[in-house]
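Enquirer: Please work out how this folds:
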Amino acid sequence: DAQIARKKQRRLEQKALAEWDDSQLPAGASATIVVLLGLFDTSEADCADAAFYSNLREDVRVECGKAGAIEKVTIFEGSEQGAAAVRFKSGDDAQR
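Expert: Next up is the predicted model:
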């Protein structure tokens, strides 16, 4: 059951990434959100301990925080692309 759920989640994620369009975001949001890919692979995450994603989230927050103030870091757990989204407080910080 868990394997089927992961496959379904991966298909949904692939579809969402393929259909990604910044114009679907609220006005101004696209300028403050940065999507990062390749941060991890699923085999690495599956073998890691329970703190893997929280440690990764903190690492992303620290590294991206060097560019500016961050509102939120979202790690897409189980993502085949190793994806995360970082929302900066300002568009200028996101562009750095």
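
Enquirer: what about the closest residue in space to G91 that isn't next to it in sequence, neighbour count?
Expert: Of all residues beyond its chain neighbours, the one nearest G91 is A31 (3.4 Å), with distances taken as Cβ to Cβ, 6 or more residues apart in numbering. Bear in mind the C-beta positions are built from the backbone N, C-alpha and C, glycine included. The number of residues packed near A31 is 16, by other Cβ atoms under 10 Å.

Enquirer: again, but for F40
Expert: F40: 19 neighbours (other Cβ under 10 Å).

Enquirer: ditto for E63
Expert: Count around E63 with other Cβ under 10 Å applied: 11.

Enquirer: do the same with V86
Expert: Here the count is done by other Cβ under 10 Å, and V86 has 23 residues near it.

Enquirer: would you say it is within a helix?
Expert: No - assessed with DSSP: H, G, I helix; E, B strand; the rest coil, V86 is strand; it does not lie in a helix.

Enquirer: for it, what are its contacts?
Expert: I33, V34, V35, L36, V60, R61, C64, I70, K72, V73, T74, A94 (Cβ atoms under 8 Å, 6 or more residues apart in numbering).

Enquirer: Enumerate the beta-bridge partners assigned to it.
Expert: Per DSSP bridges, the residues bridged to V86 are V34, V73.

Enquirer: Against E77, how distant is it?
Expert: 16 Å (Cβ to Cβ, to the nearest Å).

Enquirer: again, but for Y53
Expert: Distance, Y53 to E77, using Cβ to Cβ: 5 Å.

Enquirer: If anything else comes up later, I'll come back, but that's it for now.
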